[in-house]
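In: Predicted structure and sequence below. I'll ask about it afterward.
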Amino acid sequence: MNMEKKIKIAFHDNQLCERGTTVSLYDYAYYNKYYLGNESIIMYCNSHQYNFPDVIEKFSKEFTLRPYGNWQQEADNILKEEKCDILYMQKAGEWDNKIASKEICKTVVHCVFNTYFPHGDVYATISPYVMYEKGNTNIPVVPYMINLPDLPDNINMRKALNIPDDAVVFGRHGGYDQFNIPRVPELVVSIAKNNPKIYFLLCNTRPFYENIPNIIYIDKIIDLNEKVKFINTCDAMLWARIDGETFGLSIGEFSSKNKPVIAAKIGSDAHFHLLGDKGIWYNSLSELHNILTSFNPSVEKTKDWNAFRDYTYDKVMDKFKEVFIKPLDIRADK
């Protein structure tokens, strides 16, 4: 008989938005509940400018939400009222004055960008490629999971967007202002103008040119089925984030659907290590031009581009339990 205590975890995000931190927070909280058999609640700052109502609604359908206005005045009371055992927080890595009081519950910190200021009861990272401080590499890793539904390839957005079946489509998804390697947007415009059968489908991307029919902008996508329809519309992902990736959730999502990712080794290079030879790499604008104008979907779709088979919810949540729960030795009589 399994006599393990059911752990109650408060999952914290500064804001509930469309970005990878919030997507991963939902995944961890969901599978903490349904795979690990624990309890999950959500904490977030209710005044943050990047809260999105549709994301908050998605969370509210599955979890108890405990928004707060002032962390120092409200957080401990929320954690005490909810009888939480653990406060889980994704952070850049530095100290931000947010932590649970030791007498209330344990705090686990999941670093996204650096490991410059270890704090909390557990301090871990999202990938081995997060920047370490002074050679301190003995920090556990709990990766993001790639968690998308399976839909047939023909369930896509081409008809709705008037994209021909024989068009080559390069998709882009990520932070609104992070398609920003210099001159790549200008190259996209040039290629689109001169190649009407090459389309660029840009999701959650700041518009840089709006009067070309084969450059299409679509709003952020929250629903996972819609996200898969978007990926299915594309023949490959075009990536151009100047500061690189410490994991790269959108890259993993494209790759998991066997779409090649066209990217550069620049900035934080987790994407370079995680994709390896399952990425298509450009080192210059001329190389990128050649890749985009010579891309043959019929050839590329026969290859194996999936570099993220090990990032399933069960494997990731087993690691989550190993790193964030087991070491805390939470007593059943707490």
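Out: That came through, no problem. Residues are numbered from 1 along each chain as shown.

In: Helix, strand, or coil at residue 21?
Out: Under DSSP: H, G, I helix; E, B strand; the rest coil, the three-state class of residue 21 is helix.

In: By mean pLDDT, point me to the weakest helix or strand of this structure.
Out: Least confident helix or strand, the chain: strand 268-269 with a mean of 93, by mean pLDDT, DSSP states H and E.

In: which residues are contacting that one?
Out: The contact list for strand 268-269 (C-beta atoms under 8 Å, 6 or more residues apart in numbering) reads 113, 129-131, 243-246. Any C-beta I mention is one placed from the backbone N, CA and C, and that applies to glycine too.

In: now the strands for the stretch 151-300 of the chain?
Out: Secondary structure of the stretch 151-300 of the chain by DSSP state E, counting those that start in this stretch: the strands cover 168-173, 198-203, 215-218, 236-238, 244-245, 261-263, 268-269, 279-281.

In: what's residue 109 sitting at in phi/psi?
Out: Here is the backbone geometry of residue 109 (degrees, to the nearest 10): phi -120, psi 130.

In: Which residue, other than its chain neighbours, is closest to it?
Out: Leaving aside its chain neighbours, residue 109 sits nearest to residue 120 (4.1 Å; criterion: C-beta to C-beta, 6 or more residues apart in numbering).

In: quick one: that neighbour and residue 99 touch, right?
Out: Yes: applying C-beta atoms under 8 Å, one finds residue 120 in contact with residue 99, separated by 6.1 Å.

In: what residues do those two have in common as contacts?
Out: With C-beta under 8 Å, 6+ apart as the test, residue 120 and residue 99 both reach 89, 107.

In: can you give me the helices for the stretch 101-250 of the chain?
Out: For the stretch 101-250 of the chain, the helices defined by DSSP state H, counting those that start in this stretch cover 184-194, 224-233, 249-256.

In: Quickly list the domain ranges of this structure.
Out: 8-145+312-328, 168-300 (automatic domain parsing).

In: Now do the first one, average pLDDT.
Out: Okay, so that is domain 8-145+312-328. Domain 8-145+312-328 comes out with an average pLDDT of 95.

In: Span of it from start to end?
Out: End-to-end distance for domain 8-145+312-328, by C-alpha to C-alpha, to the nearest Å: 13 Å.

In: swap in the shortest one?
Out: The first and last residues of domain 168-300 sit 12 Å apart, counting by C-alpha to C-alpha.

In: re the thing from before, tabulate the strands of the stretch 151-300 of the chain (TSV), appending mean neighbour count and distance to residue 92.
Out: Listed next are those as TSV, based on neighbours: other C-beta atoms under 10 Å; distance: least, C-beta to C-beta, whole Å:
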stretch	mean neighbour count	distance to residue 92
strand 168-173	24	22
strand 198-203	23	25
strand 215-218	19	29
strand 236-238	24	25
strand 244-245	22	14
strand 261-263	23	23
strand 268-269	17	12
strand 279-281	20	26
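
In: for the ones you listed, which one sits closest to residue 297?
Out: strand 168-173 (6.0 Å; C-beta to C-beta).

In: shouldn't residue 112 be in contact with residue 91?
Out: Yes: contact criterion C-beta under 8 Å: residue 112 and residue 91 qualify, at 6.9 Å.

In: Compare neighbour counts for these two and give me the winner.
Out: Remark: of residue 112 and residue 91, residue 91 carries more neighbours, 22 against 18, as counted by other C-beta atoms under 10 Å.
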